[in-house]
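1. Sequence first, then the predicted structure, then my questions.
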Amino acid sequence: MSEILFTSRYPRGTRLAPEVIVPYLHQLANALQNLHNKRIIHRDVKPENMFLTADNQIMLGELGIAIVAPRSPDERVESAGSAGYMAPEQFAGKPCYASDQYALGMVAYEWLVGERPFQGTSMHIAMQQMFSSPPSLREKVPSISPAREVVVLKALAKDPNERYPSVGAFAAAFEQACHLG
């Protein structure tokens, strides 16, 4: 089976329809949940680390900076990842499973709007990731339903405890929001 880089089919700036996003989110959430079940945090979820198979299945690759989840929430690790997708706690060296959900939320935002919510240099993006709320999806694309916006913004909560309880719950909530309109 041959794979192509996700960004080869959908270059940066491409907006995807919700019916395209839903199965991709579910497949990515399943892949991440499998990692989480093994106590692994991916830490670099982004479109450039995704591949599409010939039958349009999405796969998550690049585990080069993945780590075994810290046993204590106070344990710090080296900060790593791609600034445009990193959760605030990742910058502080405290990644958790919800950090991967945050990155997947960034991906969903980008797929819906055609751009990431934060722009600028890596340092500028890092500061925005930690301290700024993402711009409204509906301000950028008015046709996005309020329900979809609420789901994505919850996955992008600055506090990991305010996100969905799992990546699967995020994907399910997004699908439900798509059925609502």
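-> Here it is on my side, so go on. Residues are numbered from 1 along each chain as shown.
2. Mean pLDDT per element in the protein, and the minimum belongs to which helix or strand?
-> The weakest-scoring helix or strand in the chain, judged by mean pLDDT, DSSP states H and E, is strand 67-68 (a mean of 86).
3. contacting residues around it?
-> With contacts defined as Cβ atoms under 8 Å, 6 or more residues apart in numbering, strand 67-68 is touched by 39, 40, 41, 43, 77, 95. The way it works is simple: take the backbone N, C-alpha and C, and place the C-beta from them, glycine included.
4. what are the phi and psi angles of the closest residue to residue 46 other than its chain neighbours?
-> Spatial nearest neighbour of residue 46, excluding adjacent residues (Cβ to Cβ, 6 or more residues apart in numbering): residue 85 at 4.7 Å. Backbone torsions of residue 85, given as degrees, to the nearest 10, read phi -130, psi -10.
5. which residues touch residue 85?
-> Counting by Cβ under 8 Å, 6+ apart, residue 85 has contacts 44, 45, 46, 102, 103, 106, 107, 116.
6. Please name the nearest non-neighbouring residue to residue 82.
-> Nearest to residue 82 is residue 46, by Cβ to Cβ, 6+ apart, at 5.2 Å.
7. ok, now how distant is the one you found from residue 175?
-> Distance check for residue 46 against residue 175: by Cβ to Cβ, to the nearest Å, it reads 22 Å.
8. neighbour count winner among those two?
-> Between residue 46 and residue 175, residue 46 has the larger neighbour count (other Cβ atoms under 10 Å), namely 22 against 16.
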